[in-house]
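J.: model this:
(2 chains)
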Number of protein chains: 2
Amino acid sequence: MIANTPPPPYYAVIFSNIRTDTDEGYGQTAEHMVELAEKTPGYLGHESVRDGMGITISYWKDLESIKFWKQQQDHLEAQKNGRDKWYKAYKTRICLVERDYGFEL
Amino acid sequence: MIANTPPPPYYAVIFSNIRTDTDEGYGQTAEHMVELAEKTPGYLGHESVRDGMGITISYWKDLESIKFWKQQQDHLEAQKNGRDKWYKAYKTRICLVERDYGFEL
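T.: Next comes the predicted model:
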């Protein structure tokens, strides 16, 4: 569940969002977007939680991987549907992960 | 709910976590940590979602603000209790937000 990312530096794309009440194709597209990300070179993992608002974070090797991921045709269509149907609001933040540390029982 | 952050660059601290079954003092401390963050110079906002795993992201002006926030006495105690009682696992990632964009209906 917590993404097993390599040592920094790497990139994080934070996608914070609030859904509309429209489900039309949402679940299927969300699953397809995860499959597409997993096949994209430079993909390092992702974490996703929804309860009221949603936060999905995908982790990437570099900015080039993110650019490629963003511009794939299926993803462009998903972005358009997202604005037209699925989201009331979202914010995407492109971040350089400089440092990380963790804990596990 | 989506944090209203200023134009980049700024910092994000991503705290991805999995809870134990122990609640002892957790809710009260979590609330107190939000209050403490809000009073810390350089705090820009936060987003928090839990459903199975939890993701809390706090946004900060610079690394100095994050360092100060991390080292306040109440926060140090919360970190210790977190490892001793409340979390099975967590990962903290310190990130420079280089770019952001959004959408709102």
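J.: CA only for contacts and neighbour counts going forward, please
T.: OK.
J.: count of residues packed around residue A:75?
T.: By the criterion of other C-alpha atoms under 10 Å in any protein chain shown, residue A:75 has 17 neighbours.
J.: cool, residue A:1 as well?
T.: 14.
J.: wait, it sits on residue A:47?
T.: Yes: using C-alpha atoms under 8 Å, residue A:1 is in contact with residue A:47, at 6.5 Å.
J.: Please, where are all the strands along chain A?
T.: A:10-19, A:43-51, A:53-60, A:87-104 (DSSP state E).
J.: So which of these is nearest chain B?
T.: Chain B sits nearest to strand A:87-104 of all the strands of chain A, at 4.1 Å, using C-alpha to the nearest C-alpha.
J.: Sheet partners, orientation included, of the closest one?
T.: Strand partners for strand A:87-104, identified by DSSP bridges, are recorded as strand A:10-19 (antiparallel), strand B:87-104 (antiparallel).
J.: Please render the ones you listed as TSV that adds distance to residue A:80 and mean pLDDT to the earlier fields.
T.: Supplementary listing: the strands paired with strand A:87-104 in TSV, determined by distance: least, C-alpha to C-alpha, whole Å; pLDDT from 0 to 100:
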stretch	distance to residue A:80	mean pLDDT
strand A:10-19	14	98
strand B:87-104	11	97
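J.: could I get those strands as CSV with distance to residue A:26 and mean neighbour count?
T.: Shown next, in CSV, are those (distance: least, C-alpha to C-alpha, whole Å; neighbours: other C-alpha atoms under 10 Å in any protein chain shown):
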stretch, distance to residue A:26, mean neighbour count
strand A:10-19, 10, 22
strand B:87-104, 18, 18
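J.: now the ones you listed in JSON lines, with distance to residue B:37?
T.: Below are the strands paired with strand A:87-104 laid out as JSON lines (distance: least, C-alpha to C-alpha, whole Å):
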{"stretch": "strand A:10-19", "distance to residue B:37": "20"}
{"stretch": "strand B:87-104", "distance to residue B:37": "16"}
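J.: can you tell which of those is closest to residue B:76?
T.: Residue B:76 sits nearest to strand B:87-104 of all these, at 14.6 Å, using C-alpha to C-alpha.
J.: mind giving me a markdown table with the strands of chain A and columns for distance to residue B:62?
T.: Output for those, formatted as a markdown table (distance: least, C-alpha to C-alpha, whole Å):
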| stretch | distance to residue B:62 |
| --- | --- |
| strand A:10-19 | 18 |
| strand A:43-51 | 25 |
| strand A:53-60 | 21 |
| strand A:87-104 | 13 |
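J.: Which stretch among the ones you listed approaches residue B:27 most closely?
T.: Taking C-alpha to C-alpha, strand A:43-51 is the member of the strands of chain A nearest to residue B:27, at 16.8 Å.
J.: There's contact between residue A:65 and residue A:43 in this structure, I believe.
T.: Yes: applying C-alpha under 8 Å as the test, residue A:65 and residue A:43 come out as touching, 7.2 Å apart.
J.: Comparing these two, which residue is more hemmed in?
T.: When residue A:65 and residue A:43 are compared for neighbours, residue A:43 comes out ahead with 20 against 17, by other C-alpha under 10 Å.
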